[in-house]
Structures are given as structure tokens and as C-alpha cells.
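Colleague: starting from these lines, generate the structure:
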Amino acid sequence: MFRRGFSSMCINSFNKSGAWGLHTTLDIKDCCPHTIRDKAKIKEYAHKLTDLIEMKRFGETQVVHFGEDDRVAGYSLVQLLMTSNLTGHFANATNRSYIDIFSCKYYDPKTVEKFTVEFFKGKSVETNVLLRK
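Modeller: Model prediction:
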């Protein structure tokens, strides 16, 4: 469910805008607790998503569990891309996922949203799409 930004960002409007890049944020509630607590599944997500949106990964996928405060503890994800990055944090206490994709290369935000919500089995999502200029 797109809340802010562009409800339908097509490649033509991206190109015509003169944007430097496209930034999509997803705040996903009620994710599957087993998936967001599984390092291998989070890496699998990064690989499948970047393949789906045709982004070339740069370096290894980083997935690290940390957080001194139980309220924010969970895995964090960093995947550098040849065109920018994919990052995320998965909060154990609330079973929420916070995903950011930034790229100078166009990708379809609706494809990212649909795949991500399905992968983490989220119940609801707030998606924001921004053009970076």
C-alpha cells in the first residue's frame, strides 16, 4: 500500500524527471517470526530480490544480529549494489521489517513491495517511494 510518493512509478517518468536515483522504503508489520530471525533466509531474500529487479550485487551480503536494547534487537542486512544498496533491519520484539532500496538504476517499486511482503509474510506494509535528485 503506497502511502506517499508515487503510487505508480514507471520508467518513463523516472527518466523524464532527471532523477539521480529511486529510493523505496517498506515498513512491514506482523512478519513471520521464523523468517526474520533466520540469517540464511534474510540472505536468500537479498539474493532473490536483487535477481528479480535485475541488480548486480557488489560483495558479500552482510547479515548481523545485534542490539543491546530488546526493543530494537534483531538482524540487520546490508547488500551493496553496483548501482547503490539494499538495507534492512528486522525487529524481533515487534516482528517488523524495515527495508530500504536505493538505486541509480530504475526498478519497479510495486514489484519490490509485492515480493518483500510475500517473502516475509507480512500482514501490512507502508511503502514510500522517493526520487532522489
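Colleague: from Glu54, how far out is the closest residue in space to Lys56 that isn't next to it in sequence?
Modeller: Take Lys56 and drop its neighbours on the chain: the residue closest to it by Cβ to Cβ, 6 or more residues apart in numbering is Met82, 4.3 Å away. All C-beta atoms are positioned from the backbone trio N, CA, C, and that covers glycine. Computed as Cβ to Cβ, to the nearest Å, the Met82 to Glu54 distance reads 11 Å.
Colleague: pick out whichever of these two has more residues nearby.
Modeller: The residue with more neighbours, out of Met82 and Glu54, is Met82; 12 against 9, by other Cβ atoms under 10 Å.
Colleague: so who does that one touch?
Modeller: Counting by Cβ atoms under 8 Å, 6 or more residues apart in numbering, Met82 makes contact with Met55, Lys56, Arg57, Phe58.
Colleague: figure out the helix or strand that the first one lives in.
Modeller: Secondary structure from DSSP states H and E places Met55 outside every helix and strand.
Colleague: what is the burial count for it?
Modeller: Counted with other Cβ under 10 Å, Met55 comes out at 20.
Colleague: am I right that it is in contact with Ser103?
Modeller: Yes. Here Met55 reaches Ser103: they are 6.4 Å apart, a contact under Cβ atoms under 8 Å.
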